[in-house]
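**Student:** My questions are about this predicted structure, shown below with the sequence.
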Amino acid sequence: MGPRKWLESWPVYRQLTGTDPLGRGKAAESPRSEALVPRTASADRVAKSVCPYCAVGCAQQVFVKDERVVQIEGDPHSPISRGRLCPKGSASKQLVTGPQREQKVRYRAPYATEWTDLDLATAMDMVADRVLDARRKGWQDTDDHGKPLRRTMGIASLGGATLDNEENYLIKKLFTALGAIQIENQARI
């Protein structure tokens, strides 16, 4: 490499002699950074989503290539977050694609020492059976004076801050229909 070529590869020289006197554009680019392309450029499609971490509801753009998530960014058209995500929201790609994510239903029977895999239908039936059993065992039709109660003390719900308004609304409707009165949310505690 000759002295002239070496001098032109030096960012300070390009800054002083080129059209970028502040060194914030072309003068600061290296050949490596000039060749970089964003992960989002190769995406086949963009799906709209909402960040799952808190109740704020920041909108996300999920970039998909070959049916795999390649990047998740804030949606600049969102009136809530205007394209910004907190550190947890920015790392939500890891929630979807991380190697620690369970892809099947795992069940450990009472007093068992090992986990077993279940199919989803079996697991859902087990949950439904246990909810109905707890409702039946804790049901209070009337109080000691004969006044109608029609409630269960066998079921309670504690919602988390990762649920959005729609999910909280549906959970409240479900548990109220089941007769539960102990329905609470992390945001109120």
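**Tutor:** Yep, it's here. Numbering: from 1, shown residues only.
**Student:** For the spatially most central residue of the chain, what is the enclosing helix or strand?
**Tutor:** Nearest residue to the geometric centre of the chain (C-alpha atoms, centre = their mean): Pro52, 3.0 Å. Using DSSP states H and E, no element contains Pro52; it sits outside every helix and strand.
**Student:** chain center to the longest helix along the chain: distance?
**Tutor:** Longest helix in the chain by number of residues (criterion: DSSP state H): helix 120-137. Remark: helix 120-137 is offset 27 Å from the chain centroid, using C-alpha atoms, centre = their mean, to the nearest Å.
**Student:** C-alpha coordinates for that helix, PDB please?
**Tutor:** Extracted in PDB, the C-alpha atoms of helix 120-137 (Å, rounded to 0.1, in the frame of the first residue of the first chain):
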ATOM      1  CA  LEU A 120     -51.300 -30.200  24.400                       C
ATOM      2  CA  ALA A 121     -54.800 -31.700  24.400                       C
ATOM      3  CA  THR A 122     -54.000 -33.900  27.400                       C
ATOM      4  CA  ALA A 123     -52.500 -30.900  29.300                       C
ATOM      5  CA  MET A 124     -55.500 -28.700  28.600                       C
ATOM      6  CA  ASP A 125     -57.900 -31.400  29.700                       C
ATOM      7  CA  MET A 126     -55.900 -31.700  33.000                       C
ATOM      8  CA  VAL A 127     -56.100 -28.000  33.600                       C
ATOM      9  CA  ALA A 128     -59.800 -27.800  32.900                       C
ATOM     10  CA  ASP A 129     -60.500 -30.800  35.200                       C
ATOM     11  CA  ARG A 130     -58.500 -29.200  38.000                       C
ATOM     12  CA  VAL A 131     -60.200 -25.800  37.600                       C
ATOM     13  CA  LEU A 132     -63.700 -27.400  37.700                       C
ATOM     14  CA  ASP A 133     -62.700 -29.600  40.700                       C
ATOM     15  CA  ALA A 134     -61.400 -26.600  42.700                       C
ATOM     16  CA  ARG A 135     -64.500 -24.700  41.800                       C
ATOM     17  CA  ARG A 136     -66.800 -27.500  43.000                       C
ATOM     18  CA  LYS A 137     -64.900 -28.100  46.200                       C
END
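**Student:** Export the helix or strand that contains Val70 to PDB, keeping only CA atoms.
**Tutor:** Here Val70, judged by DSSP H and E, is contained in strand 68-74. Provided in PDB are the C-alpha atoms of strand 68-74 (Å, rounded to 0.1, in the frame of the first residue of the first chain):
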ATOM      1  CA  ARG A  68     -37.800 -17.500  11.200                       C
ATOM      2  CA  VAL A  69     -37.600 -14.300  13.200                       C
ATOM      3  CA  VAL A  70     -34.500 -12.400  12.200                       C
ATOM      4  CA  GLN A  71     -35.000  -9.100  14.100                       C
ATOM      5  CA  ILE A  72     -37.600  -7.300  16.300                       C
ATOM      6  CA  GLU A  73     -37.700  -3.500  16.400                       C
ATOM      7  CA  GLY A  74     -40.100  -0.800  17.700                       C
END
